[in-house]
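In: below are the sequence and a predicted model; questions follow.
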Amino acid sequence: MRNDALILALDQGTTSSRAILFDRMGAAVRVAQRPVAATYPQPGWVNQDPLELWRATRDCAREVLADDGVDPARVAAIAITNQRETTILWDRRTGEPVAPAIVWQSRQSAPVVAAIAARGKTAEYQSRTGLVPDAYFSATKIAWLLDHDPSLRARSVAGEICFGTVESWLLWNLSGGTVHATDASNASRTMLMDLATRQWDAELLADMDIPAAMMPRIVGNAGVVCETAPSLFGRPIPVAGMAGDQQSALFGQACFAPGDAKNTYGTGSFLLMNAGPAPAVSRHNLLSTMGWVLPSGPTYALEGAVFVTGSAVQWLRDGLGIIDTAAAIEPLAASVPDAAGVMFVPALTGLGAPWWDPNARGAIIGLTRGTTTAHIARATLDAIAHQCRDVVDAMGDDAGIPLSTLKVDGGAAANNLLMQTQADLLGVPVVRPANIETTALGAAYLAALGVGLYSGLDEIAANWRIDRVFEPAISSDERDSRHARWRKAVHRSLAWAE
Ligand code: ADP
């Protein structure tokens, strides 16, 4: 393998497709990005055009490969990472989509979830797949599509229709319509994969009335799955690594040991912890999911989502108008030594893990005559950190392993005051890497492993560079009393909309 080899990572997200060329040190050499549209046909529904997702991805790939100065022969492999759970059905013969892509956020399959509950099967899905049944997961979206077009069900039984999540659809197109496969991390988000055996669960398929003939083959996360059709990029390139976006970020953050965890601070936050070689069982309704499958074996993960973190900052900007930009929250919050007793519970869309209360609503409590916008800004950053601590506490309990450090990424991880507050409230160091493109990077690392560019995980971990470490700077007494007050504030917001 040549030393100047490059990996082309394709990152198909909810709002854009990107292509990034990485060198073997994990540095981004070239980037191209194109927006992708979504439609909202009814309240709560979110759809995308599968062909647009493919064409945007293909065109970004062509753009970075066409760049002067990149010798195409240096590109050793392609990696794919993607928005998870989004569901696409296409015709096996023509490759044409037979329905819009149903995006992970879409609630249109909520009646399918209600039907699972009515059949008394919720616990069975949870114990076999690790997932708490929800309209997010692909099985409910497939069932919805088949229920709404009887001709599709007949064609699916006959093997004429393929189902895939986004990486599977891109892989099919990259292979020129010859390979129908999905990786284990994406398969674990369908609510149809048995987490222990990593195979489709025949009983769950039957319960959902989803024909096995439409399901892709489940493959590991690193290893050559196919070569690209020669017409696409001028010469065939192996596709050698795939993972869903959050698992890819966990890998890109080099969270290779049980207990290693990362948190992505975006609109909401996704906390994932490496749970080791066997599925974890959650007592707090966290999701138990696949991390990745390498030739050396499987790694499982625990996942907890906080719905409102960066979007609370957006609300201060757009709803209250007390800041002009998201980044302006940091100097405003830093202008006071603390929130002066103000607590903000940003339960703007209910509360997720570990509270699970859709009827919780936002609350700002502890106001006095002296409260200013700076205190509310400070309380907002505190709230993001408290919510993440709640998930970390639940995870540590489920995994039986305490957190040793938290690795961070995402847009709001740039906020130094937030990161210091997070370290203070967790009582462990918060570590921000130099490269925060961890999602695309994780997939690139998987593909590099898949073509033998790296000898093993040690080499990847050695590539991972720290930008800054935030050490806890308050006593454990203060930490506990602040978090106890937070929990008291949360209790005031629970069940409010009932
Ligand atoms: P996503 O991928 O979910 O769109 P990003 O990773 O781009 O999100 O992060 C954007 C979010 O982070 C927005 O909700 C924004 O309000 C918040 N954000 C961005 N910069 C900062 C900052 N410096 N401090 C706090 N929040 C920020």
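Out: Received it, and whenever you're ready, just let me know what you need.
In: from here on, just use CA atoms for contacts and neighbour counts.
Out: Noted.
In: show me which residues of this protein are close to the ligand?
Out: Residues of the chain lying near the ligand by C-alpha under 6 Å from any ligand atom: 265-267, 310-311, 313-314, 326-327, 410-412, 414-415.
In: disregarding residues adjacent in the polypeptide, which is nearest to Q314?
Out: Of all residues not flanking Q314 in the chain, A326 sits nearest, at 6.4 Å (C-alpha to C-alpha, 6 or more residues apart in numbering).
In: ah, wrong one, I meant R84
Out: Nearest in space to R84, with sequence neighbours left out and distances taken as C-alpha to C-alpha, 6+ apart, is G244 at 5.5 Å.
In: surely that neighbour touches N186?
Out: Yes: at 5.4 Å, G244 and N186 qualify as touching, with contact defined as C-alpha atoms under 8 Å.
In: nearest the geometric middle of this protein, what residue?
Out: Among the residues of the chain, Q246 comes closest to the average C-alpha position under C-alpha atoms, centre = their mean, at 3.1 Å.
In: check contacts around that residue.
Out: Q246 is in contact with 270, 272, 439, counting by C-alpha atoms under 8 Å, 6 or more residues apart in numbering.
In: partner strands of whatever helix or strand the first one lives in, with direction?
Out: Assigned by DSSP states H and E, F270 belongs to strand 269-276. Partner strands and pairing direction for strand 269-276 (DSSP bridges) are strand 261-265 (antiparallel), strand 297-306 (antiparallel).
In: thinking again about what came up before, next, the residue nearest to R84: phi, psi?
Out: G244 adopts backbone torsions of phi -60, psi 160, taken as degrees, to the nearest 10.
In: re the thing from before, can you redo the contacts of Q246 as a markdown table with pLDDT and neighbour count?
Out: What follows is the contacts of Q246, written out as a markdown table (pLDDT from 0 to 100; neighbours: other C-alpha atoms under 10 Å):
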| residue | pLDDT | neighbour count |
| --- | --- | --- |
| F270 | 92 | 19 |
| L272 | 96 | 30 |
| T439 | 93 | 27 |
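In: most tightly packed of the strands paired with strand 269-276?
Out: Neighbour counts (mean count of other C-alpha atoms under 10 Å) averaged over each of those peak at strand 261-265, with a mean of 26.
In: and the contacts of that one?
Out: Identification of contacts with strand 261-265 by C-alpha under 8 Å, 6+ apart yields 249-250, 253, 255, 269-274, 309-310, 403, 405-413.
In: ok, now stretch 312-329?
Out: Contacts with stretch 312-329, where a contact means C-alpha under 8 Å, 6+ apart, come from 346, 373, 377, 380, 415.
In: what's the burial count for the residue nearest to D4 when sequence neighbours are not counted?
Out: Leaving aside its chain neighbours, D4 sits nearest to R74 (6.6 Å; criterion: C-alpha to C-alpha, 6+ apart). Close neighbours of R74, defined as other C-alpha atoms under 10 Å, add up to 15.
In: wait, doesn't R74 sit right on L21?
Out: No: in this structure R74 lies outside contact range of L21 using C-alpha under 8 Å: 10.5 Å.
In: between the two, what contacts are shared?
Out: Common neighbours of R74 and L21 (criterion: C-alpha under 8 Å, 6+ apart): L6.
In: which residues sit in contact with the closest residue to C388 other than its chain neighbours?
Out: Spatial nearest neighbour of C388, chain neighbours left out: V306 (7.1 Å); criterion: C-alpha to C-alpha, 6+ apart. Contact analysis of V306 by C-alpha under 8 Å, 6+ apart lists 268-270, 351-353, 387-388, 391.
In: among these, which one lies nearest to the ligand?
Out: G268 (6.1 Å; C-alpha to the nearest ligand atom).
In: burial of I88, as a residue count?
Out: I88: 26 surrounding residues under other C-alpha under 10 Å.
In: now it: which helix or strand?
Out: Per DSSP H and E: strand 88-91 holds I88.
In: can you give the contact residues for that strand?
Out: 50, 96-102, 160-166, 169.
In: helix/strand/coil for H483?
Out: Secondary structure assignment for H483 (DSSP: H, G, I helix; E, B strand; the rest coil): helix.
In: I'd say it and H386 touch.
Out: Yes: applying C-alpha under 8 Å, one finds H483 in contact with H386, separated by 6.8 Å.
In: between the two, which contacts overlap?
Out: By C-alpha under 8 Å, 6+ apart, the residues touching both H483 and H386 are L425.
In: okay, and the beta partners of the residue nearest to W356 when sequence neighbours are not counted?
Out: Using C-alpha to C-alpha, 6+ apart and skipping residues adjacent in sequence, the residue nearest W356 is G350, 7.8 Å away. Beta bridges link G350 to L348, judged by DSSP bridges.
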